[in-house]
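[1] below are the sequence and a predicted model; questions follow.
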Protein chains: 4
Amino acid sequence: MPIDIRRRKRIGIIGGSRAKEAALQDAYHIGRLIGRRGGILVCGGLGGVMEAASRGAKEAGGLTLGILPGSTSREANPSIDIPVATGLGYTRNSLVALNADALIAVDGEYGTLSEIAYGLIYGRRVIGLGTWDIPGLIKARSPEEAVELVFKED
Amino acid sequence: MPIDIRRRKRIGIIGGSRAKEAALQDAYHIGRLIGRRGGILVCGGLGGVMEAASRGAKEAGGLTLGILPGSTSREANPSIDIPVATGLGYTRNSLVALNADALIAVDGEYGTLSEIAYGLIYGRRVIGLGTWDIPGLIKARSPEEAVELVFKED
Amino acid sequence: MPIDIRRRKRIGIIGGSRAKEAALQDAYHIGRLIGRRGGILVCGGLGGVMEAASRGAKEAGGLTLGILPGSTSREANPSIDIPVATGLGYTRNSLVALNADALIAVDGEYGTLSEIAYGLIYGRRVIGLGTWDIPGLIKARSPEEAVELVFKED
Amino acid sequence: MPIDIRRRKRIGIIGGSRAKEAALQDAYHIGRLIGRRGGILVCGGLGGVMEAASRGAKEAGGLTLGILPGSTSREANPSIDIPVATGLGYTRNSLVALNADALIAVDGEYGTLSEIAYGLIYGRRVIGLGTWDIPGLIKARSPEEAVELVFKED
């Protein structure tokens, strides 16, 4: 285990468990870029955008943390290294935002909206790619730009 | 205690703990109308919009339920009948939405946005008065219309 | 609604959702005594000891608050006036203890043990009737004595 | 990052944030043994027994997961690799038990008692070393025996 795991930047990827192919590809690319830069990918641990981003991060050698709604770690997608079962249901969305140094929202519905809101409540930088248009959220036009904006100012 | 307390409609009022005078007056009027109709007012239990709405509901003979972020019921505003301490911080926003049959958002910032999102996640009717413009939220132009929209279809 | 609802003492009744007849009768009597004294009965809102105590409190004109594990208030037993859905599962046990000024444990298994522990963590007076023998818990020999010990020192 | 991180056994170490020297030494030894066997050590992430066990696990090359009560990962002890901030206060005790395949309690007060209760609620094997005497908890006489009992039946 690398000694510096605690110091690595944690990037939350938020987005729906169902998403269109284009959003899934964006999420996958974002995951790859995060993994390549040595970031820890934090997400809700389930399917769709979460799964695509986790897979990308794993393929690039990254570490993935999944904060799950249910009470068993078995519901985590196969690319989650560290599943954390909460048993809190949708209420766990707050914890996803809390455990990220910055967040990237990709597509997404009301669950993603709640996570964007929590990211902004907690003072996190929130980047958006094809997602809700909320004042305070910074829009990116590509996975590359989204990841660039997240690692900026480090 | 009236025997039908369990059957009364529960209306969540969401909005910031700091708000301008106009929003506070709207919240107070909404509270009064809910109290007059025998609804239970549910809110986050603190100040600003929550306090104004609770005060209105109490003055009209209503019952108020405050779901608090902290771990003591003493932080509830003076118009809360039933304070419920959660110790969950902002994570309790989910529980405010969960315990309302319908929600009215008045003004508000990111906390309110998270509660609007949870209301929509949980399939509640969410009415908005001078608040976030989110697809799925129904806009009202006055406190009267907001309360009308909430009690509609009963 | 009586104006003093906020000042009433809140008594948490903790005990299993399955219990023997003797424990259910004890819980029912405790509920009656609490209702008669104008206390608010707080419990987990489900069956067994919780249901029996709630029924007793209601029959004596008391008010009952049920802090539920699931995400719908419909799971509350019929004697709960104010159901609060949490969606937190067993994690809600902490909130039952947090919202009681004092607790009475009747019978019970591991869930009750967690609530006794939380009561003691939160510095509440915890009375026990035929339940876990934990240092710090005060043993009562009857429902009357249990309720007496709870209202003592007011 | 080893590819099998998801399959490693997760051992929860529960015990007080203040403890006597003997308990701290036991916790440290338990941590070392878990790290040596490739287990992931799960704990509440703070001081005392949690810190000693985490330090032991890290020194033996193990991975440590700290499920924190507060809302910042900075409160984690220095031997926590993966801090998870919950902002849930003592309510997070439930999540510590939920995320362990088995638990070892060392010394401890009411917080530990709540975690033992949750471990048993969730059907986990709970081993105790100089801690609460609760039916269902398996007593060990040494750190070695405690760890042996945890890895048994794999």
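    Done, it's in.
[2] get me the contact residues on chain A for chain C.
    A:71, A:87-91 (C-beta under 8 Å from any C-beta of the partner chain). In this view, the C-beta of every residue, glycine as well, is placed from N, C-alpha and C.
[3] okay, now the closest residue to A:K9 other than its chain neighbours: neighbour count?
    Once flanking residues are discounted, A:K9 sits nearest to A:G39: 4.8 Å by C-beta to C-beta, 6 or more residues apart in numbering or on different chains. Residues near A:G39, counting by other C-beta atoms under 10 Å in any protein chain shown, number 23.
[4] wait, A:G39 sits on A:R10?
    Yes - because the distance of 6.9 Å satisfies C-beta atoms under 8 Å, A:G39 is recorded as touching A:R10.
[5] what about the residue nearest to A:K9, distance to A:N93?
    As judged by C-beta to C-beta, to the nearest Å, A:G39 and A:N93 stand 20 Å apart.
[6] and for A:I13?
    Taking C-beta to C-beta, one finds A:I13 at 13 Å from A:N93.
[7] and the two? which has more neighbours close in?
    Taking other C-beta under 10 Å, A:I13 and A:N93 do not tie; A:N93 has more neighbours (31 against 28).
[8] can the helix or strand harbouring that one be found next to chain D?
    Using DSSP states H and E, A:N93 sits within helix A:93-98. Yes - applying C-beta under 8 Å from any C-beta, one finds helix A:93-98 in contact with chain D at A:94-95, A:98.
[9] which element follows that helix toward the C-terminus?
    Next element after helix A:93-98 (DSSP H and E): strand A:102-106.
[10] rewinding a little: ok, the helix holding A:N93 near chain B or not?
    Yes - interface with chain B: helix A:93-98 contributes A:93-95 (C-beta under 8 Å from any C-beta).
[11] hang on, the earlier thing: the residues of chain A next to chain C: which ones sit near chain D?
    A:71, A:87.
[12] mind checking how far the nearest residue to A:L68 once chain neighbours are set aside is from A:K9?
    Spatial nearest neighbour of A:L68, excluding adjacent residues (C-beta to C-beta, 6+ apart): A:G45 at 4.4 Å. Per C-beta to C-beta, A:G45 is found 19 Å from A:K9.
[13] was I right about A:A76 contacting A:L65?
    No - at 9.9 Å, A:A76 and A:L65 do not qualify as touching, with contact defined as C-beta under 8 Å.
[14] give me the mean pLDDT for the lengthiest helix in chain A.
    Using DSSP state H, we find that the single longest helix of chain A is helix A:21-36. Throughout helix A:21-36, pLDDT has a mean value of 98.
[15] follow-up on the earlier one: state the pLDDT value of the residue nearest to A:K9.
    pLDDT, A:G39: 97.
[16] next one: A:D4
    So A:D4 comes in at 83 (pLDDT).
[17] what does chain A have sitting close to chain D?
    Close to chain D, as judged by C-beta under 8 Å from any C-beta, chain A has residues A:1-2, A:5-6, A:61-63, A:65, A:67, A:71, A:73, A:76, A:80-87, A:94-95, A:98-99, A:122.
[18] which ones among those residues lie within strands?
    Those of those mapping onto strands are A:63, A:65, A:67, A:82-85, per DSSP state E.
[19] quick one: A:S17 is in a strand?
    No - assessed with DSSP: H, G, I helix; E, B strand; the rest coil, A:S17 is coil; it does not lie in a strand.
[20] list the contacts of it.
    Residues counted as contacts of A:S17 (C-beta atoms under 8 Å, 6 or more residues apart in numbering or on different chains) are A:44, A:46-50, A:111.
[21] what's the burial count for A:A57?
    32.
[22] just to check, it is in contact with A:I34?
    Yes - judged on C-beta under 8 Å, A:A57 makes contact with A:I34 at a distance of 5.4 Å.
[23] sketch out the low-pLDDT regions of chain A for me.
    A:1-3, A:153-154 (pLDDT under 70).
[24] where's A:G45, which helix or strand?
    Judged by DSSP H and E, A:G45 forms part of no helix or strand.
[25] residue contacts, it?
    A:54, A:66-68, A:75-77, A:80, A:83-84.
[26] of the residues you listed, closest to D:Y28?
    Of all the contacts of A:G45, A:V84 has the smallest distance to D:Y28: 24.7 Å, by C-beta to C-beta.
[27] surely A:A105 is in contact with A:G111?
    No - at 10.5 Å, A:A105 does not count as touching A:G111 under the criterion of C-beta under 8 Å.
[28] and these two? Which one has more around it.
    Set A:A105 next to A:G111 and count neighbours by other C-beta under 10 Å: A:A105 wins out with 27 against 22.
[29] list the contacts for that one?
    By C-beta under 8 Å, 6+ apart, the neighbours of A:A105 are A:14-15, A:112, A:115-116, A:126-129, A:131-132, A:137.
[30] quick check: beta-bridge partners of it?
    Beta bridges link A:A105 to A:I14, A:G128, judged by DSSP bridges.
[31] quick one: A:A100 and A:R8 touch, right?
    No - if you go by C-beta under 8 Å, A:A100 and A:R8 don't touch, sitting 12.0 Å apart.
[32] these two: which has the busier surroundings?
    Ranked by neighbour count (other C-beta under 10 Å), A:A100 and A:R8 place A:A100 first, with 29 against 16.
[33] setting aside sequence neighbours, what's the nearest residue to that one?
    A:A100 sits nearest to A:G12 (C-beta to C-beta, 6+ apart), 2.9 Å away.
[34] the one you found: what secondary structure?
    strand.
[35] what is the neighbour count of it?
    Count around A:G12 with other C-beta under 10 Å applied: 28.
[36] ok, back up a step: possible to save the residues of helix A:93-98 next to chain D as CSV with neighbour count and distance to B:V147?
    Listed next are the residues of helix A:93-98 next to chain D as CSV, based on neighbours: other C-beta atoms under 10 Å in any protein chain shown; distance: C-beta to C-beta, whole Å:
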residue, neighbour count, distance to B:V147
A:S94, 32, 29
A:L95, 28, 34
A:L98, 28, 35
